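1. fold the following.
(one chain, ligands or ions: 1)
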Amino acid sequence: MTVVTMKTEKSARLVEIFSSIQGEGMLIGKRQVFVRTYGCNLRCTYCDSPETLKETPIPSACRVEDPPGSWQFHPVLNPITTEVLTNIVQGYLSEYHHSLSITGGEPLLQEVFLREWLPEVHALGLQTFLETNGMLPDHLFRLLPHLDHISMDFKAPGAIGRDPDEVFQTHQKFLRIASNKQVYTKLVITPTTSIREIESVCEVISNIDISIPLILQPVTPYGVELASVSPSRILEVYSLACRRLKEVRVIPQTHKMMHLL
Ligand code: SF4
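-> The predicted structure follows:
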């Protein structure tokens, strides 16, 4: 008899933990605890979390905001165990929170740890929400039972320097798995986003289910407060996507407008 054993990992490398309002996507306006993981498998030109990238050394400590909304932090040494992380999250829960957002970086790089820890999050009464770049479908498959909501980014091949066919095939495999949960997709619109990229995104979604929402997010470059895509361009992209899909919305990053983390 073959015995299959799953790897376990009881600590994670994290960048920051805080409580805030979700500023993007279909859960916009919901209060969440955010856990930002270290490390990403991609290098997007518009990345707004450069501190999570592998060129940056693993932070010796994760910063934890306390109290919420203060922009004041205390350090907690990395790697952080499930017990310590659960205690930190629990510390925010005297106020109502809708869910726990696992963001990055690319959180699926720490999928083994998350499989171990997310049952504790559910035991705290929080739903789980994964923000991901949609390029690690096998990792998602293993983590799926522990997820309630998934936000999958579409990556423009030009912005990550990859072959378009490879990128969109991987996204399609990923989205098919994610469609077993509450999922929406997101495409960051930059001044260079091409019509062909929009069409490929619509193709991937409509191959699975045209009701899966697509959020068009005009890029807000790191350190800049206003989107740098023209209004006419935003309307053009919206109209194009609506020809193929049922649920398309334009939503910028609203947390930056409110100076929330
Ligand atoms: S996937 Fe996200 S974290 Fe990774 S490089 Fe792109 S924007 Fe940055």
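
2. any idea which residue sits dead centre in the chain?
-> In the chain, the residue lying closest to the centroid (Cα atoms, centre = their mean) is Glu131, at 1.8 Å.

3. can you count the residues close to Phe154?
-> Using other Cβ atoms under 10 Å, Phe154 has 24 other residues around it. Every C-beta, even on glycine, is put in place using the N, C-alpha and C of the backbone.

4. ok so, going back, the residue nearest to the centre of the chain: what secondary structure?
-> strand (DSSP: H, G, I helix; E, B strand; the rest coil).

5. that one against Glu106, yeah?
-> No. Counting by Cβ atoms under 8 Å, Glu131 sits too far from Glu106 to count as a contact (9.2 Å).

6. shared neighbours, those two?
-> Common contacts of Glu131 and Glu106 (Cβ atoms under 8 Å, 6 or more residues apart in numbering): none found.

7. tell me the contacts of Ile208?
-> Neighbouring residues of Ile208 by Cβ under 8 Å, 6+ apart: Gln172, Leu175, Arg176, Ser179.

8. closest to His149 out of those residues?
-> Among the contacts of Ile208, Ser179 lies closest to His149 (Cβ to Cβ), at 12.4 Å.

9. let me know the pLDDT of the closest residue to that closest one other than its chain neighbours.
-> Nearest residue to Ser179, sequence neighbours excluded (Cβ to Cβ, 6 or more residues apart in numbering): Ile208, at 5.5 Å. With respect to pLDDT, Ile208 has a value of 98.

10. can stretch 190-200 be found next to the ligand?
-> No. Residues of stretch 190-200 contacting the ligand under Cβ under 6 Å from any ligand atom: none, with a closest distance of 11.7 Å.

11. avg pLDDT for that stretch?
-> pLDDT averaged over stretch 190-200 gives 91.

12. give the buried residues for it.
-> Within stretch 190-200, the residues that count as buried by 16 or more other Cβ atoms under 10 Å are Thr190, Thr193, Glu197, Ile198, Ser200.
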